[in-house]
Structures are given as structure tokens and as C-alpha cells.
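**Q** Sequence and predicted structure below; questions after.
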Amino acid sequence: MSINQLIQFLVVADECRTSEEVVGELETLLRHYRFDYYGLIRQPKPNENPMQLVLMGRWPEGWPETYIAKKFVLIDPTIRYLGQAQKGFRWNETITAFKSDPHRKRMERMMMESLRFGLQDGYIFPVHGRTGLLGNMTLGGRPVDLSPVEMTLFDAVAKKAFWRLLELRRETGALQEATQVDTRMTRREMEVLNYLADGMTSNDISKILKISNHTVDWYMNGIQDKLRAKNRQHVVALAFRLGLIT
């Protein structure tokens, strides 16, 4: 059974002594499922090139360059959906989630472009830590239908491969240190944060919430301190990255 292959990876990954062995075991599993392409990627920070954060992967020739040159990361529906996802999902589920989005046409063009490179369909499995989204495992190529049980097990495979690679590369400490932010927000802080993400000023928010500008700024400073953000734009970028807002 295919499920046995998934369970075997979860067991064998802990026995691997090098990152190359982990990669080998994962690629054996993905060949079994006939996934042509894959990537295990750290969650990029704002303005960071996601392709530079690939822990391991294999992509169609020319696709990474096209993805970067056309700035698809800014409108990629799978990446935007990833910010709110708690478990794995199929690529084609995401475009319907943004049917009213002003970037819908660009999203559709990106999906058509990916077809030219052989990326017909695929899945993304998020990897979360205590403070939010830390990375993901992307699988794609020809259409592959996964059962609910297989989806659950692939979620576990993504987490196992991600953390095992970081452990073998001795990068877990740096990653945890970089993500030590407080994402616990009060109800009022979440209201202010969502209005800020909608592009509102302190004055706009104060009128809606019927509080003073000074009080809005006080909440904003508290949010900025919790997220260790440099400014309000950085607050919004981090909030999207951590899945606090969508």
C-alpha cells in the first residue's frame, strides 16, 4: 500500500545521519507517488527571494527564473492561501478563494504560465512552529489524487523532512531565534491590525473604533513591539507571514 511508503519515511527519516540521506528517502517516496517536482522551503521574509530559501527541491527548467522575473510571489494564490492554511491543500483549490481579488487576472495568467512548464497540478503542506508559519513542502507536476489519509500523512512527512533537515544542518537554533515573536493578540489589537492591513490611518481607525488617535497609536506600538517590527509596513508584512491576517 502507498500509505506504507509514507509511514516508512516517517520512521526512516529519524535514522538518517546526513541531509543527503533525508533527500534521498523523500525523493524515493515522491517517485512512488509520481510527483515530478517538489520543494521544501523556508517561509520568506518580506522582499526575500523564496528560491534562496529552498532546503531541497527540483523544479522544471526555467520556472524559478520565470517565477522571480515576473514577480509571481506577490500574487501567487497558493502562497497567499498558505498564510491561512492549517493543513495541506491542493493548488486548484486556491484560485476560487480569490475570485473577487483585484489580482485575479494575474493569478490566472500565472497558473496558465505554470502549465507551460509542466506544473499541471500539485499540493502545498504548511509547516508551523510555535510562532506561526515557518515553511512549506510543495509537490507538483502531473495530477495526483491523494486520499484524506494520505493528505494527513503527507502533512506529517512535510514537518518531519523540514525539521530533520534543519537539525542535520544545525540550523534549528538560528531559525527558532529568528521567530521568537509574540503572536498573542488581544481582540482590540486584532481589530487595529486588520484595519491597518486594509490601508487605514490612525485617524481612520480611531473613527471606526470610536477611540482617540493616541489610543490607536498605543495599540499599534504594542503590536509593533510584540512582532519586533521596524515600522507599520513591517507590521503588516509580518502579520501576513505569520498568518495573523489574510
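**A** Now that the structure is in, tell me what you want to look at. Computed from a predicted structure; not experimentally measured.
**Q** C-alpha only now, for contacts and for neighbours.
**A** Will do.
**Q** low-confidence ranges in this protein?
**A** Flagging of the chain using pLDDT under 70 yields the residue ranges 1, 44-52, 130-131, 170-183, 243, 246.
**Q** Tell me where the longest helix sits in the protein.
**A** Ranked by residue count, the top helix of the chain under DSSP state H comes out as helix 148-168.
**Q** Name the residues of that one that come out as buried.
**A** 151, 153-162, 164-166 (16 or more other C-alpha atoms under 10 Å).
**Q** what's the answer for stretch 17-29, then?
**A** 19, 22-23, 25-27, 29.
**Q** again, but for stretch 73-91
**A** Within stretch 73-91, the residues scored as buried using 16+ other C-alpha under 10 Å are 73, 75-85, 87-91.
**Q** Quick one: residues in contact with it.
**A** 67, 94-95, 97-98, 103, 106-107, 110, 121-126, 133, 151-152, 154-155, 240-246 (C-alpha atoms under 8 Å, 6 or more residues apart in numbering).
**Q** Only the buried subset of those, as a ChimeraX command please.
**A** Buried subset of the contacts of stretch 73-91, written as a ChimeraX selection, criterion 16+ other C-alpha under 10 Å:
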select :67,94,95,107,110,121,122,123,124,125,126,133,151,154,155,240,241,242,243,244,245
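**Q** Can you get me the centre-to-centre distance for the longest helix of the chain and its chain?
**A** How far helix 148-168 lies from its chain's middle: 14 Å, per C-alpha atoms, centre = their mean, to the nearest Å.
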